[in-house]
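Student: need a 3D model of the sequence below.
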Amino acid sequence: MREDYKKLRKKMKKTLPELRYRHSVNVADTAVMLAMSYGKNMDRAYIAGILHDCAKAVPDEDRARLCEEAGLQVTDVERRNPALLHAKLGAVMAEEEYGIRDSGILNAIRYHTTGRPAMTMLEKIIFVADYIEPMRDRAPRLRQIRMLAFRDIDRCVYEILADSVTYLQKRAPADIDHMTLRTYRYYQRLLAEREVPEEKNGSDEGDR
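Tutor: You can find the predicted model right below:
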């Protein structure tokens with residue numbers, strides 16, 4: 001194992017509860033497999049994966065304050081659901097406490113829960129890896145989504161978002177994060193446009 005991987009894992013193991021640490025390792029390993037499948041940088045995928053939940057150990061009651069101290073906007077939905085803040089706070093902690101300077105890795109951590117429109121491939125890899133890693137077992141259609149992850153990552157992102165939005169609309173529609181909805185609608189449009197015949201669409205979709 002690369003020496004920098006060992007250092008990150010050692011620090012994360014001290015910070016997180018055992019199950020959360022195991023989840024982080026699984027996400028990192030899954031992210032590497034996805035990066036390999038799509039021809040992307042595996043080191044960046046591993047680092048983003050192992051650190052994606054680095055703020056999970058911060059108590060809920062402290063997250064909004066720490067985000068505001070870092071100059072981050074906190075929405076009403078996030079105040080009601082402070083667990084959502086671990087992603088954007090995690091990006092801050094990854095930079096300040098783990099020395100990560102790669103903006104692509106930091107954004108992959110920041111958006112791994114809600115996603116965002118027009119995600120980079122690394123952002124999509126971490127978003128998907130967090131959902132499909134081997135310890136996950138409660139999400140609907142998980143077997144199909146895992147297979148889709150390695151064939152069509154944009155459709156996989158959409159299917160994850162569709163299931164998440166459907167679940168939240170039934171459980172707590174007022175608490176759906178606005179970024180999650182924006183991301184869902186973006187990938188819904190993207191896939192619809194992709195289905196248009198090539199002669200009408202004018203060009204193929206490029207790598208995002």
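
Student: low-confidence stretches in this protein?
Tutor: 1, 3, 197-208 (pLDDT under 70).

Student: hey, where'd the helices end up in it?
Tutor: Assigned by DSSP state H, the chain shows helices spanning 3-15, 18-37, 42-51, 60-69, 76-80, 86-96, 103-110, 121-132, 142-149, 153-171, 178-194, 198-201.

Student: distance between stretch 143-160 and the chain's centre?
Tutor: Put simply, stretch 143-160 sits 14 Å off its chain's centre (CA atoms, centre = their mean, to the nearest Å).

Student: start and end of it, how far apart?
Tutor: One end of stretch 143-160 to the other measures 12 Å (CA to CA, to the nearest Å).

Student: okay, buried residues for it please.
Tutor: Of all the residues in stretch 143-160, those buried under the rule 16 or more other CB atoms under 10 Å are 145, 146, 148, 149, 153, 154, 155, 156, 157, 158, 159, 160. No exception for glycine: its C-beta is placed from N, CA and C like everyone else's.

Student: would you agree residue 21 is in contact with residue 13?
Tutor: Yes. Counting by CB atoms under 8 Å, residue 21 touches residue 13, with 5.2 Å between them.

Student: the more surrounded of these two?
Tutor: residue 21 (19 against 13; other CB atoms under 10 Å).

Student: what does stretch 65-85 rub up against?
Tutor: Contact partners of stretch 65-85, identified using CB atoms under 8 Å, 6 or more residues apart in numbering, comprise 55, 58, 60-61, 63-64, 88-89, 92, 113-114, 174-178.
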